[in-house]
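Chemist: could you look at this predicted model? Sequence included:
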Amino acid sequence: MMMTTGNCYILKFDSKQEIALETKQLKIFYDEYEAISAADLQIPRFKITALIGASGSGKSTFLRSLNRMNDGIASVQGQIWYRDLDLNSREIDVYAMRRQIGMVFQRPNPFPKSIYENITFALERHGITDKKELDERVETALRQAALWDEVKDKLNKSALALSGGQAQRLCIARAIALKPDILLLDEPASALDPISTAQLEETLINLKQQYTIVIVTHNLPQAARISDYTAHFSQGVVVEFNGTTETFTQPKIALTNEYVSGDFG
Ligand SMILES: Nc1ncnc2c1ncn2[C@@H]1O[C@H](COP(=O)(O)OP(=O)(O)OP(=O)(O)O)[C@@H](O)[C@H]1O
């Protein structure tokens, strides 16, 4: 079912599409400044959803709120439904929740530890200490992040020696080793060269079979290549949310048309 609200066009899924996360009337303030106004968005499971929009439109603010990265920084009002929990409620154990909803940042940020330890660090903190299980988790995560073949012979070498693209795939491996449900990525390819970007995109496309992915990107061809759905943010409002093909070829809202066709001032 489609729904149009004033100057916005928001796709609502029918019951056939499982929803991983749903925001209801999400408003985000930095002091008095309203960075996000009443966002109602359904994030479909096992799909890639791209968040696009001009600089300052609120994409990162929205993304970071989904796993409470804005705690203590912004005031977040409204609801974020995950299964039958409102992640924005006080009762949520944020540490445990982030095991289900992981985040990968713009700049690769491996720990100054070995490749192996980068992945086992969080696992051990979550109580997984059996060496065999740790070995398996490391290999699986690195394979899923399409990095295993490149690093399998140097797992005990420092992660700081990896290239930017490898380091970013390690950060993805680190996030998925915890077996999350949802992966949030904030411009993960912006610091990478075209080859590393292509490898990262391929990795994300493969990962969506097992994970729900939400990605902020400034790179419109990238959003068009890898995402199934696209949300266009403009001045803190989700002005259009639709299938990516529709968003890029037949946008419903004039602002989206201007943005995706490069007419945005
Ligand atoms: N920590 C903060 N304190 C105060 N204002 C902030 C903070 N972070 C972001 N903002 C403001 O909130 C608005 C939305 O910023 P946000 O970073 O979410 O936008 P964005 O669409 O992700 O931008 P970009 O594409 O440039 O990263 C901007 O006006 C920004 O200046």
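Modeler: Cool, got the structure. Given the structure is predicted, the values throughout are model-derived calculations rather than measurements.

Chemist: surely S114 and A161 touch.
Modeler: No - the criterion here is CB atoms under 8 Å, and S114 misses it with A161 at 10.0 Å. Where you see a C-beta, it was placed from the backbone N, CA and C, and this is true even at glycine.

Chemist: those two: which has the busier surroundings?
Modeler: Shown here are S114 and A161; by other CB atoms under 10 Å, S114 has more neighbours (19 against 12).

Chemist: OK, contacts around the more buried one?
Modeler: Contact analysis of S114 by CB atoms under 8 Å, 6 or more residues apart in numbering lists L155, N156, K157, S158, A159.

Chemist: any idea how far I10 is from the residue lying closest to I253 once chain neighbours are set aside?
Modeler: Using CB to CB, 6 or more residues apart in numbering and skipping residues adjacent in sequence, the residue nearest I253 is E240, 4.6 Å away. Computed with CB to CB, to the nearest Å, the distance linking E240 and I10 is 8 Å.

Chemist: check D153 too.
Modeler: 49 Å.

Chemist: between those two, which has more neighbouring residues?
Modeler: I10 (19 against 8).

Chemist: so which bits of the helix or strand that one falls within are buried?
Modeler: Assigned by DSSP states H and E, I10 belongs to strand 8-11. For strand 8-11, the neighbour count (16 or more other CB atoms under 10 Å) marks C8, Y9, I10, L11 as buried.

Chemist: ok, stretch 90-105 next?
Modeler: Buried-residue list, stretch 90-105, by 16+ other CB under 10 Å: M97, R98, Q100, I101, G102, M103, V104, F105.

Chemist: switch the contacts of S114 over to CSV; also include distance to the ligand, pLDDT and neighbour count.
Modeler: Converted to CSV, the contacts of S114 look like this (distance: CB to the nearest ligand atom, whole Å; pLDDT from 0 to 100; neighbours: other CB atoms under 10 Å):
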residue, distance to the ligand, pLDDT, neighbour count
L155, 34, 98, 18
N156, 36, 98, 10
K157, 33, 98, 13
S158, 30, 98, 15
A159, 26, 98, 25
